[in-house]
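Q: Build me a model from this:
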Amino acid sequence: MPRHTPFFNVINMLAVTVWLIAGLVAGLSALPAAAQPQIRDAEIENIIRAYAAPLLNAANLDPDAFNTHLINSDDLNAFVARGQRLFITTGLLRRSANANQVLGVMAHEMGHIAGGHLARLHDAMSTAGKTALITQLLGVAVGALSGQPGAGVMIGGGGGAVARRSLLNFSRSQEQAADQAAVTYLDSARLSTKGILEFLTILEQQEFLQSERQDAYLRTHPLTRSRIAFVRGHVERSPYSNNRAPEKFEQLHRRMVAKLDGFLAPPGNTLAKYKADDGSVPARYARAIAYYRQAELNEALPLIASLIADEPANPYFRELRGQVLFENGRLAEAMPSYEEAIRLLPETPLLLTSLAHLQIELNRPELLPRAIDNVKRALQVDPFYPLAWRLAATAYGRRGEMGLSAWSLAEYNLLVGRERDARALAEKAARLLKRGSPSWLRAQDIISGTKKPL
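A: Numbering: from 1, shown residues only. Alright, predicted model coming up:
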């Protein structure tokens with residue numbers, strides 16, 4: 001076989017680069033959603049959905065296709081992924097001063113969705129990545145072949161700069177387009193655009209900080225003077241600029257921030273922020289959670305009881321009472337609280353799953369059918385909830401239904417990224433389940449959709 005000439009070595013390197021870049025870009029674009037720690041909370045997710053409703057209507061987006069995800073991070077950030085998925089950090093929610101600021105951020109992100117920016121960003125990243133990597137590899141090859149490594153470094157570095165400028169210019173244009181869409185949506189919903197301006201002003205104050213000290217939102221959403229000038233001009237012209245967010249939204253915002261503070265801040269900090277003489281609902285909510293985290297149930301439970309007395313139809317106060325009792329070993333006492341929460345807010349996957357978990361932990365055979373029914377109801381609404389599948393596997397296993405248990409564990413492992421384990425469990429399920437049954441067919445789908453171990 002003839003040996004390759006240096007020229008063909010370079011061409012082969014470029015061909016390999018082009019082949020690799022598609023997978024690299026796909027991985028990079030998916031990374032923020034997959035790599036960040038997500039948390040689930042029915043109340044906060046429903047608050048974000050309530051905020052989203054008027055904006056989705058204004059943007060002509062399908063509310064049934066919209067999904068919100070909470071990222072447990074102190075960073076101030078929000079971003080969208082394909083499939084109309086909004087990711088928002090707990091840091092952004094906790095640091096927002098009012099509902100209008102959150103609405104402004106959400107309107108901006110919906111502008112990215114409605115504008116088709118996600119697909120365009122993927123293409124831009126691909127183009128920029130090809131420019132950078134091909135030029136870098138060409139530089140390395142030229143340096144090696146010419147015996148002058150310095151020449152290769154200069155070529156490679158120049159290509160990287162070209163790629164960065166290309167992608168940055170693209171991003172800035174999309175940010176401006178999303179701003180324009182956002183103010184249109186907010187005006188259509190008769191909501192103030194002051195929230196966007198306040199948010200951009202916060203970011204503007206960080207522009208001169210070193211990049212590692214800047215909030216992630218500033219690093220991923222390029223800020224320009226023209227963006228701020230555009231929004232400020234719109235605020236001055238809009239007839240809705242002085243409109244306050246609906247009082248219900250402001251109440252929900254205060255409760256959301258208090259709940260996040262209670263669960264995420266050190267309890268001492270929470271108790272210092274929400275003083276004992278503050279009898280408001282958000283303050284009592286935050287203090288109750290802080291005391292619960294310190295295992296001071298004599299302080300936590302009376303506060304929760306006062307919240308329930310004030311708002312007996314609030315399912316989230318019932319849920320909190322159930323959680324406090326459950327996690328402190330008072331399982332039988334916790335069950336009525338979860339059952340009442342579900343009565344008030346039926347078909348809520350997180351509540352149904354919590355009750356199923358409690359029923360399984362009680363280890364009473366007569367409760368297993370009810371636990372299985374609850375996880376089934378949860379998975380009908382949210383089939384991508386890993387904990388529900390794991391609990392289903394446990395309940396089926398205790399009833400001796402090993403085929404259904406193996407299938408449920410296969411679904412769980414598939415969702416948490418353990419593809420080899422998912423395949424092995426699906427194969428086990430297929431051997432045990434009735435051929436042609438829905439669960440058997442689903443096991444076959446998992447087998448065909450996963451790689452066979454080498």
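Q: hang on, T90 packs against D75?
A: No - if you go by C-beta atoms under 8 Å, T90 and D75 don't touch, sitting 9.1 Å apart. Bear in mind the C-beta positions are built from the backbone N, C-alpha and C, glycine included.
Q: residue boundaries of the helices in the stretch 351-454 of the chain?
A: Secondary structure of the stretch 351-454 of the chain by DSSP state H, counting those that start in this stretch: the helices cover 368-381, 386-398, 402-415, 419-432, 438-449.
Q: how distant is the fourth one from the center of its chain?
A: Put plainly, it is helix 419-432. 29 Å (C-alpha atoms, centre = their mean, to the nearest Å).
Q: Would you mark the buried spots in that helix?
A: 421-430, 432 (16 or more other C-beta atoms under 10 Å).
Q: ok, now the shortest one?
A: Of the residues in helix 438-449, those with enough neighbours to count as buried (16+ other C-beta under 10 Å) are 439-440, 442-444, 446-447.
Q: Please dump the helices of the stretch 351-454 of the chain into JSON lines; it should also carry distance to A341 and mean pLDDT for every row.
A: Converted to JSON lines, the helices of the stretch 351-454 of the chain look like this (distance: least, C-beta to C-beta, whole Å; pLDDT from 0 to 100):
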{"stretch": "helix 368-381", "distance to A341": "12", "mean pLDDT": "97"}
{"stretch": "helix 386-398", "distance to A341": "16", "mean pLDDT": "97"}
{"stretch": "helix 402-415", "distance to A341": "24", "mean pLDDT": "97"}
{"stretch": "helix 419-432", "distance to A341": "32", "mean pLDDT": "96"}
{"stretch": "helix 438-449", "distance to A341": "29", "mean pLDDT": "95"}
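Q: Please say which of T90 and D75 ends up with more neighbours.
A: T90 (22 against 18; other C-beta atoms under 10 Å).
Q: distance of that one from L350?
A: To L350, T90 is 16 Å away according to C-beta to C-beta, to the nearest Å.
Q: What of L307?
A: When distance is defined by C-beta to C-beta, L307 is 19 Å away from L350.
Q: and what of A107?
A: The gap separating A107 from L350 is 26 Å, by C-beta to C-beta.
Q: neighbour count winner among these two?
A: Neighbour count, other C-beta under 10 Å: between A107 and L350, A107 has more, with 30 against 22.
Q: Surely that one is in contact with L55?
A: Yes - using C-beta under 8 Å, A107 is in contact with L55, at 5.3 Å.
Q: Now for these two: what residues contact both?
A: 185-186 (C-beta atoms under 8 Å, 6 or more residues apart in numbering).
Q: Now do the buried residues in the host helix or strand of I304.
A: Using DSSP states H and E, the element containing I304 is helix 297-310. Of the residues in helix 297-310, 299-301, 303-304, 307-308 count as buried by neighbour count, 16+ other C-beta under 10 Å.
Q: Out of these, flag the one nearest to E250.
A: L307 (18.4 Å; C-beta to C-beta).
Q: does that closest one really touch V281, like I thought?
A: Yes - with contact defined as C-beta under 8 Å, L307 and V281 form a contacting pair (6.6 Å).
Q: so what's the residue nearest in space to the middle of the chain up against?
A: The centroid of the chain falls nearest to H69 when counting by C-alpha atoms, centre = their mean (2.7 Å). Neighbouring residues of H69 by C-beta under 8 Å, 6+ apart: 33, 38, 85-88.
Q: Checking it next. Helix, strand or coil?
A: strand (DSSP: H, G, I helix; E, B strand; the rest coil).
Q: From L93, how far off is it?
A: To L93, H69 is 12 Å away according to C-beta to C-beta.
Q: quick one: which of the buried residues of helix 297-310 is nearest to N243?
A: Closest approach between the buried residues of helix 297-310 and N243, by C-beta to C-beta: L307, at 30.2 Å.
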